[in-house]
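Asker: Predicted model, plus sequence, below.
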Amino acid sequence: MLLLVFAWDLPRPDSLPAATRRPSVTLLAADGAMLATQGDLYGETVRLRDLPAHLPAALMSVEDRRFRRHFGIDPWGLARAALANWRAGEVVQGGSTLTQQLAKNLFLTPERNVRRKIQEALLALWLEHRFSKDQLLEIYLNRVYLGAGTYGVDAAARLYFGIPARRLALWQSALLAGLPKAPSRYNPRAAPDLAVARAAEVLEAMLDNHAITEAQRDAELSRMRLPPPGSRQAGWFADWALEDLAEAFPGNADLTLRATLDTKLQAAVEARLEALLAGPGARAGVAQGAVLVMEAETGAIRAMAGGRDYRASQFNRATSARRQPGSAFKPIYFLAALERGLGPDDLIADTPLILGGWSPGNGTWRPRGEITLEEALAQSVNTASVRVLLKAGGARAAMEMAGRLGLDGRFPNDASLALGTGEVTLIDLATAYAAIANGGFRVTPHGIAAVTTAGGRTVSTAGGRAVPAAG
């Protein structure tokens, strides 16, 4: 009767439930380096015979040494854990077997109470009756959560080491075997030092369990090297590249995205920005900056730094911050002037100018009377530039040209616009300059070059030349 009380609401264990998961998105740099992931990552379904023997050996050594000998519940393990916990005055060991862990992960909620523990034990007994020990290990290794959204050893091996599970080295197997205890805490991408220390504990457990020799343990400890973490600053690029993903690719299919980002160029951008902020920036009281590298012909973003430290601030100053472009706006309305019929060699006055009580300054420039349009732009002569704006059709004409080039901004409808008093984003300004470099063909900034679906179909999404922006 008591057994029925605990078993009446048990899930039906006659067939293993299908894994429920969020679709995964993997963002790779142009060279294949991992930039970001979203959703739940599953690798290939692995068979025990295809895995290196040290992987299940590591798991059993640290999680369940008597796995091959117990019947799903380990009385000796429970007694040992109870004694250790009594001596410590707190819970320092668990007595659950791998089969019990599997039962909980497959069928039960994370709720922790006596009823759930008894149901876990009942399901473990059923699993042991239904499957062989090797089959149970296979199911566990393919379903266990190993941090960073990865489920199963193959997904974790590919994410953390860039290799399939069948090619794992001994120390890598030890690291993965140490993750089920606390996947988030020991995640090597978030806490590499803790992950390595945990892997060392697993190697020690393997030695105590006679799964490896002292020489093997020492050799693996010396070989333990995690790959360098990806650029943290590339988080701005990843956020920007993925922000419209749901609209561009509706549905719930797994996707692998090949980004336009060049990791070497990204590293150079980050280093240069940090040097500028630490040197001249610090002396000027400037704490933040932004850099954007765009391929002019296609609009592909090759590098992006939206600030100094992504961990401290995720606000992207390259795509979201609006600042006055200053003299960088001058080519926009000079182009409008050329469309109106002015030429580079035409003369324009550079003398003082007063408009409704406003008089633009020229800095250290000494007026010559007249200079060519080419020199006015090259030397950034303000009074001459204002006159060019007026000859081009005024602020309205400048704003219309800016829009055609892809430069969306907040612009004043007066002559001060000649000095760049509007507000624009860095990415829009780069887009406008790309159109000028392209001979008037406007491009669309993009960060995704290709998309591969779970079925292996690859679709190119690279942008190219678009409509002519200027005649």
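Answerer: Perfect, thanks for sending it.
Asker: rest of the way, CA atoms for contacts and neighbours
Answerer: Will do.
Asker: Show me the strands in the stretch 1-150 of the chain, by range?
Answerer: 25-28, 34-38, 41-42, 150-151 (DSSP state E, counting those that start in this stretch).
Asker: helices and strands around the third one, which ones?
Answerer: For strand 41-42, the elements it packs on are strand 150-151, helix 153-161, judged by 3 or more Cα pairs under 8 Å, 6 or more residues apart in numbering; DSSP states H and E.
Asker: Mean pLDDT and mean neighbour count added to the ones you listed, as a markdown table?
Answerer: Shown next, in a markdown table, are the helices and strands packed on strand 41-42 (pLDDT from 0 to 100; neighbours: other Cα atoms under 10 Å):
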| stretch | mean pLDDT | mean neighbour count |
| --- | --- | --- |
| strand 150-151 | 92 | 24 |
| helix 153-161 | 92 | 22 |
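Asker: Distance to L355 added to the ones you listed, as TSV?
Answerer: Shown next, in TSV, are those (distance: least, Cα to Cα, whole Å):
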stretch	distance to L355
strand 150-151	65
helix 153-161	63
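Asker: need the contact list for L347.
Answerer: E370, I371, T372, L373 (Cα atoms under 8 Å, 6 or more residues apart in numbering).
Asker: In these, which residue is surrounded by the most others?
Answerer: Within the contacts of L347, most neighbours by other Cα atoms under 10 Å means L373, with 24 neighbours.
Asker: Return the helix or strand in this protein with minimum mean pLDDT.
Answerer: Least confident helix or strand, the chain: helix 2-7 with a mean of 42, by mean pLDDT, DSSP states H and E.
Asker: hang on, A234 packs against G307?
Answerer: No. Counting by Cα atoms under 8 Å, A234 stays clear of G307, with 10.4 Å between them.
Asker: Just the ones of the contacts of L347 in helices?
Answerer: Mapping the contacts of L347 onto helices (DSSP state H) picks out L373.
Asker: In CSV: the contacts of L347, plus pLDDT and distance to L55.
Answerer: Formatted as CSV, these follow (pLDDT from 0 to 100; distance: Cα to Cα, whole Å):
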residue, pLDDT, distance to L55
E370, 96, 80
I371, 96, 77
T372, 97, 75
L373, 97, 72
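Asker: Now render the strands of the stretch 1-150 of the chain as CSV, adding distance to L48.
Answerer: Listed next are these as CSV, based on distance: least, Cα to Cα, whole Å:
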stretch, distance to L48
strand 25-28, 27
strand 34-38, 27
strand 41-42, 17
strand 150-151, 16
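Asker: Compare those and give me the one nearest W365.
Answerer: Closest of the strands of the stretch 1-150 of the chain to W365 is strand 34-38, at 47.8 Å (criterion: Cα to Cα).
Asker: Let me see the ranges of the strands in the stretch 351-471 of the chain.
Answerer: Going by DSSP E, counting those that start in this stretch, the stretch 351-471 of the chain shows strands at 370-372, 409-410, 423-424, 448-453, 458-460.
Asker: Of those, which stretch is the most buried?
Answerer: Across these, averaging neighbours per residue (mean count of other Cα atoms under 10 Å) puts strand 423-424 on top, at a mean of 20.
Asker: is it true that V286 lies in a strand?
Answerer: No. Read with DSSP: H, G, I helix; E, B strand; the rest coil, V286 is coil and lies in no strand.
Asker: Does it touch L277 like I think?
Answerer: Yes. Assessed by Cα under 8 Å, V286 is found in contact with L277 at 6.8 Å.
Asker: between the two, which one's more packed in?
Answerer: Neighbour count, other Cα under 10 Å: between V286 and L277, L277 has more, with 18 against 13.
Asker: now the more buried one, nearest residue through space, not along the chain?
Answerer: Excluding the flanking residues, the one nearest L277 by Cα to Cα, 6 or more residues apart in numbering is A287, at 6.2 Å.
Asker: Point out where this structure drops to low pLDDT.
Answerer: Along the chain, segments meeting pLDDT under 70 span 1-21, 76-95, 108-114, 229-232, 454-456, 459-471.
Asker: Distance check, D64 against L353.
Answerer: Distance of D64 to L353, computed by Cα to Cα, to the nearest Å: 86 Å.
Asker: ugh, typo on my part, it should be R49
Answerer: 85 Å.
Asker: again with Q216
Answerer: For Q216 relative to L353 (Cα to Cα), the value is 83 Å.
Asker: Could you give the bridge partners of L257?
Answerer: L27, V451 (DSSP bridges).
Asker: need the contact list for it.
Answerer: The neighbours of L257, taking Cα under 8 Å, 6+ apart as the test, are V25, T26, L27, L28, I448, A449, A450, V451, T452.
Asker: Check L27 too.
Answerer: Contacts of L27 by Cα under 8 Å, 6+ apart are M34, L35, A36, T37, A238, T256, L257, R258, A259.
Asker: ok, so of those, who is nearest S184?
Answerer: Looking across these and measuring by Cα to Cα, the closest to S184 is T37, at 15.1 Å.
Asker: From what I see, that closest one and T26 are in contact.
Answerer: Yes. Here T37 lies in contact with T26, judged by Cα under 8 Å, at a distance of 4.5 Å.
Asker: on that earlier part again, out of the helices and strands packed on strand 41-42, which comes closest to L335?
Answerer: Evaluated over those, closeness to L335 peaks at helix 153-161, with 49.0 Å, by Cα to Cα.
Asker: tell me the angle the closest one makes with strand 34-38.
Answerer: Angle between the axes of helix 153-161 and strand 34-38 is 140 degrees (criterion: axes from the mean of the first three to the mean of the last three Cα atoms, to 10 degrees).
Asker: Distance from helix 153-161 to the middle of the chain?
Answerer: 16 Å (Cα atoms, centre = their mean, to the nearest Å).
Asker: From here on, call the first residue 38.
Answerer: In the new numbering, first residue 38, that becomes helix 190-198.
Asker: quick one: contacts of whatever helix or strand comes next after that helix?
Answerer: As assigned by DSSP states H and E, the chain's next helix or strand after helix 190-198 is helix 207-214. Contact with helix 207-214 is made by 91-92, 95-96, 99, 183, 190, 193-194, 232-233, 235-237, 239-240, 257-258, 260-261, as judged by Cα under 8 Å, 6+ apart.
Asker: Mind listing what's buried along the helix or strand following helix 207-214?
Answerer: Next helix or strand after helix 207-214 toward the C-terminus (DSSP H and E): helix 229-245. For helix 229-245, the neighbour count (16 or more other Cα atoms under 10 Å) marks 229, 232-233, 235-244 as buried.
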